[in-house]
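>>> let me see the structure of the following:
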Amino acid sequence: MRIFILLVLFTFTACQYQMKKEITPPVCEIKPNKLSIHDNERTDNYYWLNDREDPDVISYLKDENEYTNQKLKDTEIFQKELFNELKNRIKEDDQSVPYNYNGYSYWKRFNKGDEHPNYLRKKTGTDKEEILLNGNEMAKKYDFFDIGDYDISINNKLMAYAIDTLSRRIYQIQIKNLLTNEVFPETLHNTTGSMVWANDNQTIFYSKQDTQTLRSSQIFAHKLGTDQNEDILIYEEKDETFYCYVYKSKSDKYIIINSSSTLSDEYRLINANQPFEESKMFQEREKGTEYSIYHHKEKFYVLTNEDHKNFSLKTCPINQTNKENWETLIEGNNDVLLEGIDVFDEFLVITERSKGLLNLKVIDLKNNVEHYIPFSEPTYVVQTSVNLIMETNLLRYTYNSMINPGTVYEYNMNNHERKILKEKEVLGGYNKDKYQSDRLWAEARDGTKIPISIVHKKGIELNNSNPTLIYGYGSYGYSIDPSFSSNRLSLLDRGYVFAIAHIRGGEELGREWYEDGKLFNKKNTFYDFIDCGKFLIEKKYTNNDHLYAAGGSAGGLLMGAVINMNSSLFKGVIAHVPFVDVVTTMLDESIPLTTGEYDEWGNPNQKKYYDYMLSYSPYDNIKETNYPNLLVTTGLHDSQVQYWEPAKWVAKLRTKKTDNNLLLLKTNMKAGHGGASGRFEYLKEIALDYAFLFKLENITN
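Sure thing, here's the model as predicted:
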């Protein structure tokens, strides 16, 4: 999904930064480039920034960084204090709750001061720990380091794991002998980081991606001890709007190859005991039909939108899997979205979303009796955790809310008793009774009710004077749930109100909520966010001089669109890796994500989509007006939203805006879409965001 960046502009020769009595922004050279399609011509003056190998581009980004540093120089000490404040809430010597699989317990542990975890396991019934991977030691020689997926062979002797050292989602897979701690000489390059062992303990299936677009398009089988050049191509996805992945069924019976686009799915099955047998088609792709599959004994469960947009649950025999054999178990419901299921030998757990909130429904397959696990807060987040064992009546799930730091539970599906396995510890004496969270409903301009999750310290006055930060996303059907953040306490404790606008384009209120915020309905997303901001002002939480907005990736597109549509609503805006050059990017099929997202944004090669996208694209709709204070962030190696989108956006804004407000671009020269790697390093980026917000509120400590 699209995300970060920022840049600055005036108009003269090649991107130079000069220091005078007044700190002046870098000047980005104008090099007009004509872009024509559908008898329409656009001029892009900053298209030349689309070359990370150009020394002038790198120089410009560095100059922008220096300009940002200078404009925020008075916050340098405060940023360091904020970093320590954020870090000091985190328990440094911490570990995850162990999960059980195939006779072992697996978990990861952070040692004090470490940026990266150790991955560990121990055999069931013993106390002897094995260190599988030492993340901190492995990361020493890299500026960026991330351990992705890993998988253990069925005989428990081998480990395949993926690492990314550039932050472009390009992973190398390595293989380790867990008995000798030796790493095998072969390395699998240019992968997505997704891999799975067949049951022969010799064969690894993995997905490989196109080197330019990064589309996951091929599934290979690798034989242990051989060179990658000898790997066998198992499946190739030729449709450029589809991505393919490989994983293993929870039952360990099947290797499953999934091909998916935004609106269609297709699965193939391989017997995990016979990895080189020809795959079997589950159900051929059909435009608009999404489905996912779960193996259970002699049948499959199929979660699908085939006959209802909010999905229904069906079953079919393992040898008769095409949709003519699907039988409905749970019908679709206009008020309830079926989001996923967890399959056990004797139980099903259904994750549902109703009125914007998640629920867990447990079905006892022995007698078909069902019940819901109860939750009491007005806003919360619940999700099933790692449940890899079929033959158990114990369900792991996690729960948190905007004031509840989070708990991992073990729930007995027979007697409905729950046991706390771990409560998240927030250091520094956090007391949730000092805070209040609520669910509000704003009315959009078309009469639609938009849910808002909100949190603040208890006792605030509704006098229109509270600094308020509203966050939004609204794309891909991705729901922004009201979860806890210890970092957010730095805002709340300084008097901020924090709100999440659950705008259309997400899936908080079901599939229709998503469809009403995509393609030709995309502007609903922007209007909803604006109307939620106005609602908070009407309800006297804040006013225009204290209202701020933030969003990243497609949420950065949201930020760009709303400040074009209503530039006076917010005092300040933070746009992380913003997808702001919508039309040009979606016309460039060489850029990662483009072809796979036609169903989300539209294909601008068709005039009707081109015209609509052009009408809201933030970069194309900059105008001469006052804009709010802006902090824009990006990563040089971002593969999802290329750095030049925010850079061009900032450059163009500098020549058009008619105010003296801050316009700051910060590029992480070593990172990609997700920002800095490491457990604590990313906190410096949050400290920068907060320092920007506090500066605008004249908060200095």
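
>>> what does the worst-scoring helix or strand of the chain on mean pLDDT rub up against?
Of all helical and strand segments in the chain, the minimum by mean pLDDT, DSSP states H and E falls on helix 135-139, at a mean of 88. Helix 135-139 is contacted from outside by 111, 114, 115, 116, 117, 118, 119, 145, 147, 163, 677, 678, using Cβ atoms under 8 Å, 6 or more residues apart in numbering. Quick note: C-beta positions are derived from backbone N, CA and C, even for glycine.

>>> contact partners for the fifth one?
In this case it means residue 117. By Cβ under 8 Å, 6+ apart, the contact set of residue 117 is 108, 109, 110, 135, 136, 679.

>>> if we can go back for a sec, and of the contacts of helix 135-139, the nearest to residue 43?
For the contacts of helix 135-139, the minimum distance to residue 43 (Cβ to Cβ) is 38.2 Å, reached by residue 677.

>>> per-residue confidence at that closest one?
The model reports residue 677 with a pLDDT of 51.

>>> just the buried positions in stretch 452-469, please.
Neighbour counts using 16 or more other Cβ atoms under 10 Å place 452, 453, 454, 455, 456, 457, 464, 466, 467, 468, 469 of stretch 452-469 among the buried residues.

>>> average pLDDT for that stretch?
Averaging pLDDT along stretch 452-469 gives 96.

>>> how about stretch 162-173?
85.

>>> span of that stretch from start to end?
Counting by Cα to Cα, to the nearest Å, you get 4 Å between the two ends of stretch 162-173.

>>> which members of the buried residues of stretch 452-469 define the maximum pairwise distance?
Between any two of those, the greatest separation by Cβ to Cβ is 20.8 Å, found for 453 and 464.

>>> show me where the stretch 551-700 of the chain has its helices.
554-565, 582-586, 598-601, 607-616, 644-656, 683-696 (DSSP state H, counting those that start in this stretch).

>>> now the stretch 401-550 of the chain
Residue ranges of the helices in the stretch 401-550 of the chain, as given by DSSP H, counting those that start in this stretch, are 489-492, 511-515, 523-538.

>>> export the ones you listed to TSV and tack on mean neighbour count?
Shown next, in TSV, are the helices of the stretch 401-550 of the chain (neighbours: other Cβ atoms under 10 Å):
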stretch	mean neighbour count
helix 489-492	21
helix 511-515	20
helix 523-538	22
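
>>> residue 667 is nearest to which of those helices?
Closest of those to residue 667 is helix 489-492, at 23.9 Å (criterion: Cβ to Cβ).

>>> please name every helix or strand in contact with the closest one.
helix 76-87, strand 449-457, helix 683-696 (3 or more Cβ pairs under 8 Å, 6 or more residues apart in numbering; DSSP states H and E).

>>> okay if I get the ones you listed as TSV plus distance to residue 213?
Formatted as TSV, those follow (distance: least, Cβ to Cβ, whole Å):
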stretch	distance to residue 213
helix 76-87	36
strand 449-457	35
helix 683-696	27
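
>>> list the buried ones in stretch 312-325?
Across stretch 312-325, burial judged by 16+ other Cβ under 10 Å covers 312, 313, 314, 316, 321, 323.

>>> and for stretch 538-557?
In stretch 538-557, the ones that count as buried by 16+ other Cβ under 10 Å are 541-542, 546-557.

>>> so which of these sit within strands?
Here DSSP state E is the test, and these give 547, 548, 549, 550, 551, 552 as lying in strands.

>>> nearest to residue 401, of those residues?
residue 550 (20.1 Å).
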